[in-house]
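A.B. asks: Kindly return the folded structure for what I paste below:
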Amino acid sequence: MDANYTIIILIGYVFYLAGNILVARLNLKVNLKAMLWLLLALHLFSLIARAYRLRFFPMLTVADTLVLLGFILMLFHSLSRNKQLGQLTVIVSIVFLCISAVLYYIGGDTLPMEAFQSWLLPVHVGITISGYTFLTIGFINSIIYLFRRAGEGSNLKVQALERTSFKFIVAGYAQFSIGALVLGSIWAQVAWGRFWGWDPKETFSLITFLVYSLYVVLKFMKRKKETPGLAVFAVCCYFVLIFTYLGVPFILSGLHSYK
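C.D. replies: Down below sits the predicted model:
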């Protein structure tokens with residue numbers, strides 16, 4: 001059922017993206033906002049339906065969190081005035097929903113174990129996913145900045161893109177640090193009786209925190225200068241984050257594995 005909802009929403013977003021591209025190419029005066037808000041309403045309904053069936057917050061598996069992350073990204077897209085950033089956000093959201101649909105089919109339905117029925121879990125996961133959202137937007141913004149700088153050279157608008165990327169990354173870094181490391185450690189104590197156990201997910205979360213910490217420190221040191229090299233580093237940091245989020249649970253064995 002959850003996979004079906006995800007596929008319907010996914011197809012809707014693909015048509016919405018194709019419609020936006022067509023409108024831009026043909027210079028048509030067509031507003032697709034109504035279609036977007038309808039898809040967002042359906043997306044929200046799928047999250048509520050999942051929560052109702054589980055009798056718990058819909059964030060127990062990687063597939064669940066991908067659907068939630070896709071919703072937040074699409075909501076951001078609906079509010080964004082930056083067309084380039086907005087369209088790339090839709091593409092990333094579609095990729096996340098594709099992965100989610102596959103994972104739902106592989107993993108099937110997952111009901112919460114009694115140990116996971118705690119208010120700490122949705123707080124821990126929710127803040128972490130919010131951090132992922134800001135870091136994803138920072139990543140997309142960094143990509144746009146690098147392409148525009150390569151094509152247009154350095155100017156005030158291009159420099160503003162880099163500053164915006166940094167702001168999103170700092171916000172995401174702070175939330176990831178609190179959600180994944182601080183609240184994650186507290187949750188580990190509640191669920192498994194220890195704050196830290198060097199589980200692969202915990203270890204790579206720490207690595208992710210360290211690489212983003214290095215980016216933030218270096219950028220603060222050069223905050224008055226344009227730093228395209230650090231924008232490249234920010235992109236690399238995001239790939240570390242994605243491996244922690246999607247790679248570790250399926251490649252490495254541990255308490256966070258979903259094989």
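A.B. asks: Which strands or helices does the top helix by length along the chain pack on?
C.D. replies: For the chain, the helix that runs over the most residues, judged by DSSP state H, is helix 120-152. Applying 3 or more C-beta pairs under 8 Å, 6 or more residues apart in numbering; DSSP states H and E, one finds that helix 120-152 contacts helix 62-79, helix 83-107, helix 156-176, helix 183-192, helix 228-242. Glycine gets a C-beta too; all of them are placed from N, C-alpha and C.
A.B. asks: Next, format those helices as TSV and append distance to residue 200.
C.D. replies: Shown next, in TSV, are the helices and strands packed on helix 120-152 (distance: least, C-beta to C-beta, whole Å):
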stretch	distance to residue 200
helix 62-79	14
helix 83-107	18
helix 156-176	17
helix 183-192	13
helix 228-242	14
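A.B. asks: Indicate which one of those helices is closest to residue 198.
C.D. replies: With C-beta to C-beta as the measure, helix 183-192 is the member of the helices and strands packed on helix 120-152 nearest residue 198 (11.1 Å).
A.B. asks: where does the stretch 101-250 of the chain have low pLDDT?
C.D. replies: Across the stretch 101-250 of the chain, residues meeting the criterion (pLDDT under 70) sit at 106-117.
A.B. asks: residues making contact with stretch 4-23?
C.D. replies: Applying C-beta atoms under 8 Å, 6 or more residues apart in numbering, the contact partners of stretch 4-23 are 28, 30, 32, 35-36, 38-39, 42-43, 46, 49-50, 63, 67, 70, 74, 87, 90-91, 93-94, 97-98, 100-101, 104.
A.B. asks: re the thing from before, got the angle between the longest helix of the chain and helix 156-176?
C.D. replies: 160 degrees (axes from the mean of the first three to the mean of the last three C-alpha atoms, to 10 degrees).
A.B. asks: okay, the helices and strands packed on helix 120-152 in JSON lines with mean neighbour count next?
C.D. replies: Shown next, in JSON lines, are those (neighbours: other C-beta atoms under 10 Å):
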{"stretch": "helix 62-79", "mean neighbour count": "21"}
{"stretch": "helix 83-107", "mean neighbour count": "19"}
{"stretch": "helix 156-176", "mean neighbour count": "19"}
{"stretch": "helix 183-192", "mean neighbour count": "17"}
{"stretch": "helix 228-242", "mean neighbour count": "19"}
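A.B. asks: so which of those helices gets nearest residue 132?
C.D. replies: helix 62-79 (5.8 Å).
A.B. asks: Can you tell me which helices and strands that closest one packs against?
C.D. replies: Packing contacts for helix 62-79, counted by 3+ C-beta pairs under 8 Å, 6+ apart, involve helix 2-26, helix 33-54, helix 83-107, helix 120-152.
A.B. asks: ok, now with 7 Å
C.D. replies: helix 33-54, helix 83-107, helix 120-152 (3 or more C-beta pairs under 7 Å, 6 or more residues apart in numbering; DSSP states H and E).
A.B. asks: Keeping just the C-alphas, turn the shortest one into CSV.
C.D. replies: The C-alpha trace of helix 33-54 is given here as CSV (Å, rounded to 0.1, in the frame of the first residue of the first chain):
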residue,chain,number,x,y,z
LYS,A,33,0.8,25.7,-8.8
ALA,A,34,-2.6,24.0,-8.4
MET,A,35,-1.1,20.7,-9.6
LEU,A,36,1.7,21.1,-7.2
TRP,A,37,-0.5,21.8,-4.2
LEU,A,38,-2.7,18.8,-5.1
LEU,A,39,0.3,16.6,-5.2
LEU,A,40,1.5,17.9,-1.9
ALA,A,41,-1.9,17.3,-0.3
LEU,A,42,-1.7,13.7,-1.6
HIS,A,43,1.8,13.3,-0.3
LEU,A,44,0.7,14.6,3.1
PHE,A,45,-2.2,12.2,3.0
SER,A,46,0.2,9.2,2.3
LEU,A,47,2.2,10.2,5.4
ILE,A,48,-0.9,10.4,7.6
ALA,A,49,-2.2,7.1,6.2
ARG,A,50,1.1,5.4,7.0
ALA,A,51,1.1,6.9,10.5
TYR,A,52,-2.5,5.7,11.0
ARG,A,53,-1.7,2.1,9.9
LEU,A,54,1.4,1.9,12.1
